[in-house]
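K.L.:
my questions are about this predicted structure, shown below with the sequence.
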Amino acid sequence: MEKKYVTKAHYLLHGGDYNPDQWLDYPEILEQDLELMEEASANAFSVGIFAWSTLEPEEGTYQFEWLDKILDDLAAKGSKVLLATPSGARPAWLSQKYPEVLRVNERRQKMLHGGRHNHCFTSPVYREKTQKMNRLLAERYKDHPALLMWHVSNEYSGDCHCDLCQEAFRDWLKERYHHHLAELNHAWWGPFWSHTFSDWSQIESPSPIGESAVHGLNLDWHRFVTHQTIDFYRNEIAPLREVTPDVPVTTNFMADGNDLKPFQSLDYSKFAKEVDVISWDAYPAWHNDWESTAELAMKVGFIDDLYRSLKNQPFLLLESTPSGVNWHPVNKAKRPGMHQLSAMQMVAHGADSIMYFQWRKSRGSSEKFHGAVVDHDGDKENRVFQDVKQVGETLAGLAEVAGSLRPAKVALVYDWENNWALNHAQGYSRETKRYPQTVQEHYRPFWEQDIPVDVITKEHDFSKYEVVILPMLYLMDEATIDRITDYVEQGGTVVTTYISGIVDEHDLAYLGGWPAALQEVFGVSPLETDTYYPNDRNAVTYQDKTYEVNDYATILSLTGAEVLGNYEADFYAGTRAVTRHSYGKGQAYFIGARLEADFQRDFYAALIEERAIESVLPVTHGRGVSVQGRQVDEGTYIVFLMNFAEEKQTVVIEAEVTDYQTKESISGEVSLQPYEVKIVSHVKK
Ligand code: GLA
Ligand code: ZN
């Protein structure tokens, strides 16, 4: 069976961000690091992420000797390095001499030097300086035995509204609209509030975007920011590609907010095409006081499944904390067991590494209390260090997992452009659109039932899945409509919901009712969507059970579909809410209302049963347990039984499996303590 190794290391990486540049005056600390790295079974480090002021203390004066020594020392210990390009933070001399590198905010105020992740993506000077630095790094270390991959910049994000960026935006628009201002004016619905432009020079970035009424402009600005960020990144990697063509490149992606959504401000479906390896930084607020650990684990699984599916290959967990962070509202330590559990969850969903921010807690500045493998005490008996050591030992025993995948028959579609368009849409309700959370609501039943799923983009191949679910896909371009149509025609099953297929790629509403192709496929036509106040209630009866409606209810007319569920109340009482339609060789379901979680559970359970879609291992268990696995060989799966519940749980395994550590065979009841994870191997007959 083919494996997809994402780096030349055919084992799981364990390590993290290592900032020796903060410790050059403390040689004894650097010595101690090497010993502790070995003790923790750490084998990979991201080095030099914020080291520009140490690498080039003055313009044109370079200091690489310290980095030579660090890389040599790490190589001598058998460790690998993800060598960083330092563009995420720049030295003061650079901002001082070339103020054009400083970002301008949406109110057109120029930012001062300080902080990080705040340079202009267009500035020719910054592009020149970063490229020069990257070339020097590539040339110096191209043959270094420690060099495993490139860690390009850090967590690209944000936008810049300077004159250079405005000009670049206009150039990008000219290209997009074929140098026809009339085409742009049409796409942006120009005459609305007299927003027709008579010259390209009148066009500016939205300021601020939250108050901008021109939705076509807003959407294009989001697209441009992704484009320009990628363009900057391409400029960064040009010398790396040239000098080290065989060294893979990654840049660390993120998640958004304490409620852990996919990162929103950059379209990662576009960025994914430009990197060799997807990597991300995960900081779930474990043990918070607003949701259960299991609920949060479900959201982590969702993002993992999305980021893995972007390239259909393993991803790297590039940053995580072994204990707390310094930026959550409350920076709580991981309870005993949680570190091992959260690390194994990542591996179970496709991570080929567990890496930390940070190796050693810094002594000063804002991250001096951020969790780290090595605390200020430098003590290997430290609880956190011991937790990390345990993960290191477990990963060392799981080398065969590296490069392995998770075959799935079900896919959910997630779309960044849709999220932007929906968030800007002034209609429905501001508070309750919740697109990412809605997709998560449709992911939940599969997570609870241990069914592997991919979370794909609208451009992925649908045909390899039995079921494709596209919740709340408000922005549906014609290409996507065609792809849905073809897929169902050929025998696929699709599910969509309320507020789908409303606007095209310019955020212009479809005219003449729901697009004809969608009406044909789904056999329904949405007439209007009712928006609820938080206390409004309705219900849908489906298969003799009643489920609560919240937030949205779409009134449907039938154009051929079979009715599976009806509304209970209000002026649309008795009308259809859930439908199924046969089209070509396939089936198309429409869920007209936002329904409580139990509906999704029952609805998808029926579909799973009907299609005989299997979980990774035949098991039964209560809520809070997740069973996820990776296929390491033809028929052989490494399966992780994980208890995210705060109480002991029993898992009944209806198959023969082998305990991965003790090699004993097990079946029947297995009990899991709170936060316990058990690893087994399973041969599918
Ligand atoms: C981000 C950054 C790191 C560090 C961590 C702290 O992920 O990439 O440099 O600041 O946050 O959680
Ligand atoms: Zn700029």
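P.N.:
Received, thanks. Ligands and ions are numbered 1, 2, ... in the order given.

K.L.:
now check the lengthiest helix in the chain, is it near ligand 2?
P.N.:
Longest helix in the chain, counting residues (DSSP state H): helix 215-243. No: counting by C-beta under 5 Å from the ion, ligand 2 has no neighbours in helix 215-243; the shortest distance is 8.5 Å. For glycine as for every other residue, the C-beta is placed from the backbone atoms N, C-alpha and C.

K.L.:
the following helix or strand past that helix - contacts with which helices or strands?
P.N.:
Scanning forward in sequence from helix 215-243 by DSSP states H and E, the next helix or strand is strand 249-250. Identification of packing neighbours for strand 249-250 by 3 or more C-beta pairs under 8 Å, 6 or more residues apart in numbering; DSSP states H and E yields strand 147-151, helix 215-243.

K.L.:
helix/strand/coil for the residue lying farthest from the centre of the chain?
P.N.:
The outermost residue of the chain, judged against the average C-alpha position, is F571 (40.7 Å), by C-alpha atoms, centre = their mean. Secondary structure, DSSP: H, G, I helix; E, B strand; the rest coil: F571 is coil.

K.L.:
residue ranges for the strands of the stretch 151-300 of the chain, please.
P.N.:
249-250, 252-253, 255-256, 261-262, 279-281 (DSSP state E, counting those that start in this stretch).

K.L.:
then the stretch 551-685 of the chain?
P.N.:
Under DSSP E, counting those that start in this stretch, the stretch 551-685 of the chain gives strands at 562-567, 576-583, 586-591, 593-595, 619-620, 625-633, 636-643, 649-659, 665-672, 677-683.

K.L.:
among those, which comes closest to E31?
P.N.:
For those, proximity to E31 was assessed by C-beta to C-beta; strand 677-683 is nearest, at 34.4 Å.

K.L.:
what's the closest one in contact with?
P.N.:
340-341, 344-345, 394, 398, 616-617, 629, 632, 635-643, 653, 655-661, 666, 670, 672 (C-beta atoms under 8 Å, 6 or more residues apart in numbering).

K.L.:
what about the longest helix of the chain, average pLDDT?
P.N.:
For helix 215-243, mean pLDDT rounds to 98.

K.L.:
returning to what we had before: in JSON lines, list the helices and strands packed on strand 249-250 along with distance to D289 and mean neighbour count.
P.N.:
Shown next, in JSON lines, are the helices and strands packed on strand 249-250 (distance: least, C-beta to C-beta, whole Å; neighbours: other C-beta atoms under 10 Å):
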{"stretch": "strand 147-151", "distance to D289": "34", "mean neighbour count": "24"}
{"stretch": "helix 215-243", "distance to D289": "33", "mean neighbour count": "20"}
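
K.L.:
nearest approach to N423 belongs to which of those?
P.N.:
Closest among the helices and strands packed on strand 249-250, once you apply C-beta to C-beta, is helix 215-243, at 9.1 Å.

K.L.:
for the closest one, packing partners?
P.N.:
By 3+ C-beta pairs under 8 Å, 6+ apart, helix 215-243 packs against helix 124-141, helix 163-176, strand 249-250, helix 268-271, helix 416-424.

K.L.:
report the angle between the longest helix of the chain and helix 163-176.
P.N.:
100 degrees (axes from the mean of the first three to the mean of the last three C-alpha atoms, to 10 degrees).

K.L.:
so V495 touches V467, yeah?
P.N.:
Yes: V495 lies in contact with V467 (C-beta atoms under 8 Å); the separation is 7.0 Å.

K.L.:
identify the contacts common to those two.
P.N.:
L607.

K.L.:
where does the stretch 501-650 of the chain have low pLDDT?
P.N.:
Counting by pLDDT under 70, the stretch 501-650 of the chain shows no low-confidence range.

K.L.:
bridging residues for V374?
P.N.:
According to DSSP bridges, the partner residues bridging V374 are R360.

K.L.:
residues of the protein that sit close to ligand 1?
P.N.:
Neighbours of ligand 1 within the chain, by C-beta under 6 Å from any ligand atom: 154-155, 281, 283, 319, 325, 357, 367, 370.

K.L.:
make a markdown table from the helices and strands packed on strand 249-250 and add distance to Y177 to it.
P.N.:
What follows is the helices and strands packed on strand 249-250, written out as a markdown table (distance: least, C-beta to C-beta, whole Å):
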| stretch | distance to Y177 |
| --- | --- |
| strand 147-151 | 35 |
| helix 215-243 | 9 |
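
K.L.:
out of those, flag the one nearest W172.
P.N.:
helix 215-243 (5.1 Å).

K.L.:
from the chain's centre, how far out does the closest one sit?
P.N.:
18 Å (C-alpha atoms, centre = their mean, to the nearest Å).
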